[in-house]
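# Sequence and predicted structure, then a few things I'm wondering about:
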Amino acid sequence: MTVNHSPFSQPGGYRPSAVPPPGMLAAHADRERAIDVLKAGFAEGRLAKAEYDDRTARVYAARTYGELGALTADLPAGSSGHPGPYLETSYPPRPPAPATVSPMAVAALVCGICGVAIPAVVLGHVARRQVRLTGQRGDGMALAGLILGWAGIGLVVVMLTALVVVSGSGHAVHSIIVRPVPAPPAIPRP
């Protein structure tokens, strides 16, 4: 029969017989386990309030497993000088929070639809940068606002160009001179 003497032979931590040397330095987690034992002893009425306070202060000052073991050895769940088992708990991963829609993208789209071209372009560019930096949703709305804004600006430019071309094309309005037509000679009446 083979005996496994590894302190990690049991799943989740140390075997009860695997006691580290009393001079080994204790970790913060070991001190917290000792505090939990003291809390349980106080709650069960095994320790008076003054003794609980005294031992708690000494646990926080303890540096080694031997010091921790001496403070909890007379309690039922007391430390035998070794760290307790590490129980790994796993929780299912939380789904990521849905990304919010960029308010700038919404504003760009609304301005583009309403025909307010320059703010639509400005807000569209700002919204696209914001979406790239923050990971928010709304890139399509920002792009639509940009397109509608530039289309509105283009339409205004085309209309102004047409107006300038028509007004400066040299077509003068010819005035019509109306000359009176001579009346036929008067016929005498009988």
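It's in.
# use CA for all of it now, contacts and neighbours both
OK.
# Mind listing what's buried along stretch 118-135?
Neighbour-count burial for stretch 118-135 flags 118, 119, 120, 121, 122, 123, 124, 125, 127, 128, 130, 131 (criterion: 16 or more other C-alpha atoms under 10 Å).
# typo on my end, it should be stretch 57-73
Those would be 59, 62, 63, 64, 65, 66, 67, 68, 69, 71, 72, for stretch 57-73 by 16+ other C-alpha under 10 Å.
# any idea how far it is from the chain center?
43 Å (C-alpha atoms, centre = their mean, to the nearest Å).
# average pLDDT across that stretch?
For stretch 57-73, mean pLDDT rounds to 88.
# Wait, residue 23 touches residue 62, no?
No. Residue 23 lies out of contact with residue 62 (C-alpha atoms under 8 Å); the separation is 11.0 Å.
# circling back: farthest pair in the buried residues of stretch 118-135?
118 and 131 (19.9 Å; C-alpha to C-alpha).
# Now do the SS call for residue 45.
When classified by DSSP: H, G, I helix; E, B strand; the rest coil, residue 45 comes out as coil.
# And it, how far from residue 97?
Residue 45 sits 46 Å away from residue 97, going by C-alpha to C-alpha, to the nearest Å.
# out of these two, which sits in the more crowded spot?
residue 45 (10 against 6; other C-alpha atoms under 10 Å).
# Just give me the longest helix of this structure.
Longest among the helix segments of the chain by residue count, using DSSP state H, is helix 139-167.
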